[in-house]
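Participant: build me a model:
(chains A, B and C)
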Amino acid sequence: MHEITDEVREAVTASGLRQGLCTVFVQHTSCSLLIQENADPSAARDLERWLDRTVPDGESFYAHVAEGPDDMPSHVKAMLLPTSLSIPVLGADLMLGRWQGVYLFEHRRAGSTRHVVVRVGD
Amino acid sequence: MHEITDEVREAVTASGLRQGLCTVFVQHTSCSLLIQENADPSAARDLERWLDRTVPDGESFYAHVAEGPDDMPSHVKAMLLPTSLSIPVLGADLMLGRWQGVYLFEHRRAGSTRHVVVRVGD
Amino acid sequence: MHEITDEVREAVTASGLRQGLCTVFVQHTSCSLLIQENADPSAARDLERWLDRTVPDGESFYAHVAEGPDDMPSHVKAMLLPTSLSIPVLGADLMLGRWQGVYLFEHRRAGSTRHVVVRVGD
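Facilitator: A predicted model of the protein is given here:
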């Protein structure tokens, strides 16, 4: 889990919009976006562990295996977690709660460059 | 699961908007929002039971345990369920299907006050 | 999983909007929407298999059984997968990644007609 709250916030600031809606969208099917607790890093590690145990590599019933043993589990995780986030904007800032941070959740073992779209509108 | 459909609908009505988009956003990381069947309360109870069984308290691998045994499971549930909902508005009303209701899904055993943002725009 | 990317794209084209936000919303509680890999059909089959195994029919604790053994599992799957999608629009097209397709994910064994709302706004 890689925190991207500052990058999303900067996009909102750069837009000059004071009030509206921020949409964050990831253009991939083997990673996710997530809003989660950013106070204690141990929470993020536990989320990763839970997901790895619930969606293990190498299930015998997987037919889609050409891209490696961690590819299909990555698609399953991307099915369960968000591809897009909708965050209201007020006072030129994201209306996040006190403990909420925005994360890119990489599901591949060796993820490549990821593209995240931040769209701001009123 | 606490139904909040009427509260969200009232916010749409109060906005005076006839057509557009309603975004519902919860500012916490240990509860969720959910659109689910509101005809029969037994469906909501079964959803809660399924989630409690799939995400039990006290997993041995949890490191984030300082806030109690039901804290980390609450974050896992909040990872799996929505933090925000996007509902189209038409004719000054939410375009919900006949059986759809909007819920706040509390994951802590003793949840405190929760803040839900309802944003309406065209 | 039924791919509906073309239908959503046609709605965006028909709207004449060049830049903005596309919201896709399904008015049911026993099917879902999903953005997933559309290059290799075996990935979609594996996602279905994973979900069927993780959310099996006939759990002994289900109380909501009046509508058949596949009804409550359908609600659970609809709890875990999206009811709405938010996709930015640029250049009059959906900003989907190269491998992303939009799917209606039917969870009932014999699903009836499903209604999907596509809302486009700037």
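Participant: quickly list what the spatially most central residue of chain A is bridged to.
Facilitator: Centroid-nearest residue in chain A, with CA atoms, centre = their mean: A:Leu33, separated by 1.5 Å. Beta-bridge partners for A:Leu33, by DSSP bridges, are A:Leu104.
Participant: can I assume it is in contact with A:Leu85?
Facilitator: Yes. Assessed by CB atoms under 8 Å, A:Leu33 is found in contact with A:Leu85 at 5.1 Å. Backbone N, C-alpha and C define where each C-beta goes, glycine included.
Participant: count of residues packed around A:Gly97?
Facilitator: Neighbour count for A:Gly97, taken as other CB atoms under 10 Å in any protein chain shown: 17.
Participant: what sits closest to it if chain neighbours are left out?
Facilitator: In this structure, A:Gly97 finds its nearest non-sequential neighbour in B:Gln27, 3.1 Å apart by CB to CB, 6 or more residues apart in numbering or on different chains.
Participant: do the same with A:Arg9
Facilitator: Residue nearest to A:Arg9 in three dimensions, not counting chain neighbours: A:Leu94, with 5.9 Å by CB to CB, 6+ apart.
Participant: pLDDT score assigned to that neighbour?
Facilitator: What the model reports for A:Leu94 is a pLDDT of 98.
Participant: now it: phi and psi?
Facilitator: Torsion angles at A:Leu94 (phi, psi; degrees, to the nearest 10) stand at phi -60, psi 140.
Participant: and it, how far is that from B:Val24?
Facilitator: 16 Å (CB to CB, to the nearest Å).
Participant: ok, those two, which is more surrounded?
Facilitator: Between A:Leu94 and B:Val24, counting by other CB under 10 Å, B:Val24 is the more crowded of the two (26 against 23).
Participant: got the residues of chain A near chain C?
Facilitator: Neighbours of chain C within chain A, by CB under 8 Å from any CB of the partner chain: A:21, A:23, A:25-30, A:54-55, A:59, A:61-64, A:66, A:72, A:75-76, A:78-80, A:82-86, A:115, A:117, A:119, A:121.
Participant: drop anything exposed from those.
Facilitator: A:21, A:23, A:25-30, A:54-55, A:59, A:62, A:64, A:72, A:75-76, A:78-80, A:82-86, A:117, A:119, A:121 (16 or more other CB atoms under 10 Å in any protein chain shown).
Participant: take those residues and keep only those in strands.
Facilitator: Among these, DSSP state E puts A:Leu21, A:Thr23, A:Phe25, A:Val26, A:Ser84, A:Leu85, A:Ser86, A:Val117, A:Arg119, A:Gly121 in strands.
Participant: which of those residues sit farthest apart?
Facilitator: A:Val26 and A:Gly121 (18.2 Å; CB to CB).
Participant: where does the residue in chain A that chain B sits nearest to land in three-state SS?
Facilitator: Chain A approaches chain B most closely through A:Gly97 (3.1 Å), counting by CB to the nearest CB. Look at A:Gly97: counting by DSSP: H, G, I helix; E, B strand; the rest coil, its state is coil.
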